[in-house]
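Asks: Quick check, what structure comes out for this input:
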Amino acid sequence: MLVTNTEQNLRERTKHMDRKFTFMTQGNFPESHLAETYQFVLQCISLQEDQKADLLQSDLKPVFISYNGIQLQQEETEESQKMLLEDQSHVDSMSGIPLHHLTFIMTHVFPYKMAFKEFLMGAPFCCTENVLYHYLGSVADESFITLRDITRTRKMWAPKKRKIGRVVVLKKNKVPIFPSDDLSQEHIPGRLYVDCSETQPGYCRLRLSTPDSSSAMNNTEQFGFNMFQKAFTVPEGLASKIKLPYCATIRCIGVLCLTFPFDCRWKQRKPKSDFPSQSLVRSIIKTGCTLIPKSHPKSSSPEIEWQLDFSMAEHHIFKSMTVSQIHGFFVLKVLVDNMVHHLPLKTKHLKSVFLMTCETIPSGVWETNFSGCVLQVLNNLLSCLKRRFLPNYFIPENNLIDCHREDDIITLCNIIEYIRLFPSSTIQVVAEKYGYTYGPNLIKRVLSNVKDFNDKKNFHDVFNNIFGPLTLATAKIMAKMGFYDVSLDILEQRFEQSLLIPDTKQTKHQSVNFSDLFWSAVMEMKQKASRVLLARLYDTKMGSNISEKILKKKKFCLQMYLPWTVDKKISWIAVPSEHAKDLAAIANFLYQYSKREYWRRNVDLAELTITTSLKCIQETLNIDFVFGKNIKHMDVGLKTDIDSHRRTVMKKLIPYYVHLFSIVRLDFLITPLNDHLDDVEKLCNEFPEMSGFVSSIFAFTRQNEKEVEYAKKMADYFNGKVIIHIPDSSIPD
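Replies: Below you'll find the predicted structure:
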């Protein structure tokens with residue numbers, strides 16, 4: 001940044017470098033790591049300033065070049081922030097990237113449907129066995145979003161990293177009342193007064209209405225003449241009663257508060273956007289907030305302090321947002337989470353800044369100037385960190401970072417500033433981590449056009465020569481990996497963008513409809529599975545029959561050979577005649593097909609073909625059993641041949657089950673493996689050498705007793721304690 005900004009003289013730039021170096025070394029960046037970079041930048045600045053060294057200048061190649069070839073700003077100005085939202089052709093003055101290009105990078109490297117939500121909440125609260133409860137934080141509003149991991153080993157999404165859903169159970173017969181509320185009746189059962197006079201903003205005490213003898217219980221405490229409510233004890237067995245999933249736990253017993261003065265938050269606001277709408281505000285007021293037993297770190301009486309939680313309100317807010325707004329939050333969260341690492345910048349901090357920014361941006365701008373909105377949120381987040389005040393969205397007086405260490409805040413400032421200055425580099429780092437291997441090349445191709453676009457402003461040239469081909473390439477990759485809905489969305493976006501390109505004297509729109517564009521794109525895809533399944537998805541959405549054109553050459557498909565109904569996603573697969581002799585041959589063909597799709601990272605097709613392969617083997621064994629049973633007088637030789645053939649067929653199941661286990665582990669799901677566990681155990685009785693593998697399966701499915709049992713069997717097998725079981729052909733599998 002400093003090297004490319006030659007408008008400042010050497011003295012000004014050196015002073016700026018000194019300030020930046022001093023600021024960064026106060027955080028978690030070791031001074032030794034920064035010193036070499038500092039000296040290198042100063043040397044480059046000095047060389048640029050030295051106008052007398054003609055020979056040196058002629059040999060000096062530029063090391064730092066902005067993408068657009070022009071000067072970059074050191075700080076955001078009011079005018080540049082305004083342009084971020086108003087002009088999608090604007091070149092971002094801090095990164096040097098046109099917003100149009102940056103939007104393309106963000107939406108194609110991080111497509112909306114590649115966001116993964118581990119928890120899906122249909123309502124702000126739940127009710128089971130007459131117990132009312134709700135999830136807390138990012139689980140409640142589905143803002144716990146991560147980028148779908150498509151690495152071959154799923155290294156970025158391991159079970160140990162999964163989030164545990166925290167649940168608050170709502171206490172019955174307790175009515176918290178804010179002082180400003182008009183509910184002043186004396187006889188309200190379970191009345192509690194919300195007292196914020198001695199607490200930090202966002203926290204309170206719950207004062208009992210009358211400190212009588214009946215209130216002198218273990219979960220109350222007296223201060224002066226007032227009795228205050230302490231935390232309620234969570235009853236034993238409550239989690240099993242409300243049937244919480246294994247990934248959720250009861251955090252506490254809370255109190256529902258329907259009297260929080262939400263109207264004060266938005267009453268005198270002069271909105272610059274349509275967010276939040278009046279109907280949304282009414283829904284939030286109707287739902288209320290929750291008081292949970294949690295004290296401020298600086299509290300003088302933590303045992304009687306309660307925090308105001310707005311998880312249910314946030315659920316309503318995120319459910320009301322547009323796709324582009326949610327997509328923007330997804331991109332922001334992915335970038336920030338993967339850069340801050342261990343530092344204390346949580347989802348609640350990003351969410352609060354994001355919601356405040358949404359109040360200043362009309363929702364339609366997220367559709368037309370996506371990257372500008374994302375950069376604006378980063379600007380606001382950086383501003384909050386520099387001011388050391390990040391307000392709670394619902395209670396602006398509540399500073400969410402008032403207890404953060406100074407060096408942590410300094411480091412966070414530098415990280416967020418880096419994301420803001422170098423968004424494309426940050427996107428590339430995250431893309432490579434999560435297996436989006438096409439990302440670096442896409443970014444390089446897009447940025448290679450920036451300088452030319454800045455000179456000519458030729459949208460048609462950019463779209464036809466850069467965006468168009470890259471869109472098609474991304475759609476191909478997504479379809480190849482089985483993300484057909486993502487691929488179709490990308491192609492739709494390409495068509496919509498083509499309609500928005502302004503006409504010039506030299507270029508005008510060509511009348512191409514989406515059907516023609518889709519057909520052209522599909523026919524360029526090499527994998528037939530991509531062509532067929534993407535076309536079928538298109539047919540379902542558009543009511544067309546493009547898939548019939550692709551399958552017009554009728555071949556001997558899988559469904560023709562199998563007597564049961566095959567899933568439509570694989571029923572069309574053509575089976576070569578040499579692999580269609582019997583069910584065992586078809587099973588082997590499907591096994592090989594599944595392995596190819598597995599290495600393409602198409603989990604869906606790999607799973608469907610291997611489970612069908614397993615069924616083919618099971619049917620073969622059933623046929624052999626029926627054949628042996630129908631022979632009334634079987635000599636010893638024939639029986640031996642039948643048993644040998646049966647055992648040979650059964651042994652084929654071992655690599656099939658190993659492959660199925662490899663597939664389900666990619667997404668850490670037990671389905672459909674759990675449908676085959678009984679068969680796997682029977683197979684292990686025949687082939688005890690697979691006991692270790694079976695133990696691994698039960699460890700994965702969290703069946704600890706079975707895991708230990710088969711681990712012991714594997715040890716016995718290696719120690720020679722296992723007697724090989726001789727199967728009886730009269731017993732079916």
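
Asks: Show the secondary-structure elements that whatever helix or strand Cys204 lives in is packed against.
Replies: Secondary structure here is read from DSSP states H and E; on that basis Cys204 sits in strand 203-208. Counting by 3 or more C-beta pairs under 8 Å, 6 or more residues apart in numbering; DSSP states H and E, the packing neighbours recorded for strand 203-208 are strand 191-195, strand 226-229, strand 305-309. C-beta coordinates here come from the backbone N, C-alpha and C atoms, glycine included.

Asks: Mind listing residues that contact the next helix or strand after that strand?
Replies: Tracing the chain C-terminally past strand 203-208 and defining elements by DSSP H and E, one meets strand 220-223 next. Counting by C-beta atoms under 8 Å, 6 or more residues apart in numbering, strand 220-223 makes contact with Leu208, Pro211, Ala216, Met227, Phe228, Gln229, Lys230, Ser301, Glu303, Ile304, all of which sit outside it.

Asks: separation between the last one and Ala231?
Replies: Ile304 is 9 Å from Ala231, where distance means C-beta to C-beta, to the nearest Å.

Asks: Looking only at neighbour counts, state which of these two leads.
Replies: Between Ile304 and Ala231, counting by other C-beta atoms under 10 Å, Ile304 is the more crowded of the two (26 against 17).

Asks: hang on, the earlier thing: where does confidence bottom out across the contacts of strand 220-223?
Replies: Comparing pLDDT over these, Ala216 scores lowest. The value there is 49.

Asks: hmm, back to that, any chance of CSV for the helices and strands packed on strand 203-208, columns mean neighbour count?
Replies: Below are the helices and strands packed on strand 203-208 laid out as CSV (neighbours: other C-beta atoms under 10 Å):
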stretch, mean neighbour count
strand 191-195, 20
strand 226-229, 20
strand 305-309, 23
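
Asks: can you put these in TSV and add distance to Arg646?
Replies: Putting these into TSV (distance: least, C-beta to C-beta, whole Å) gives the following:
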stretch	distance to Arg646
strand 191-195	72
strand 226-229	70
strand 305-309	62
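
Asks: Relative to Asp643, which of those is closest?
Replies: With C-beta to C-beta as the measure, strand 305-309 is the member of the helices and strands packed on strand 203-208 nearest Asp643 (66.0 Å).

Asks: roughly how far is that closest one from the heart of the chain?
Replies: The gap between where strand 305-309 is centred and where its chain is centred comes out at 29 Å by C-alpha atoms, centre = their mean, to the nearest Å.

Asks: for the record, mean pLDDT for the first helix or strand past it going along the chain?
Replies: Scanning the chain past strand 305-309 towards its C-terminal end, the next helix or strand to appear is helix 311-320 (assignment: DSSP H and E). Within the predicted structure, the mean pLDDT of helix 311-320 is 94.

Asks: ok, residues contacting whatever helix or strand Lys82 lives in?
Replies: Element membership of Lys82 [criterion: DSSP H and E] is helix 78-86. If you take C-beta under 8 Å, 6+ apart as the criterion, helix 78-86 is touched by 73, 90, 92-94, 99, 361, 365, 369, 372-373, 375-376, 379.

Asks: Sketch out the low-pLDDT regions of the stretch 401-550 of the chain for me.
Replies: Counting by pLDDT under 70, the low-confidence segments of the stretch 401-550 of the chain come to 502-511.

Asks: Show me the longest strand that occurs in this structure.
Replies: When every strand of the chain is counted residue by residue (DSSP state E), the longest turns out to be strand 248-257.

Asks: So which other helices or strands are in contact with that one?
Replies: Other elements packing on strand 248-257 under the criterion 3+ C-beta pairs under 8 Å, 6+ apart are strand 131-135, strand 165-170, strand 175-177, helix 238-241, strand 289-292, strand 305-309.

Asks: Give the partner strands of that strand in its sheet and their orientations.
Replies: strand 165-170 (parallel), strand 289-292 (antiparallel) (DSSP bridges).

Asks: Check what contacts that strand and list those residues.
Replies: Judged by C-beta under 8 Å, 6+ apart, the contacts made with strand 248-257 from elsewhere in the structure are 132-133, 135-136, 164-171, 174, 176, 178, 192, 194, 206, 231-234, 238-239, 244, 288-294, 306, 308-309.

Asks: what number of residues lie near Asp516?
Replies: That count, for Asp516 with other C-beta under 10 Å as the rule, works out to 11.

Asks: Equivalent analysis for His579, please.
Replies: Tallying neighbours of His579 according to other C-beta under 10 Å, which is how burial is gauged here, yields 16.

Asks: residue ranges for the helices of the stretch 251-400 of the chain, please.
Replies: 262-266, 278-287, 311-320, 323-340, 347-358, 363-368, 370-387 (DSSP state H, counting those that start in this stretch).

Asks: Skip ahead from the strand or helix carrying Ile443 and say which helix or strand is next.
Replies: Of the helices and strands defined by DSSP H and E, Ile443 is found in helix 439-447. Beyond helix 439-447 in the direction of the C-terminus, DSSP H and E gives the next helix or strand as helix 450-456.

Asks: Remind me what that following helix packs against, helices and strands.
Replies: Using 3+ C-beta pairs under 8 Å, 6+ apart as the test, helix 450-456 ends up in contact with helix 99-109, helix 459-462.

Asks: helices or strands up against the longest one?
Replies: Other elements packing on helix 99-109 under the criterion 3+ C-beta pairs under 8 Å, 6+ apart are helix 370-387, helix 423-433, helix 439-447, helix 450-456, helix 459-462, helix 468-480.
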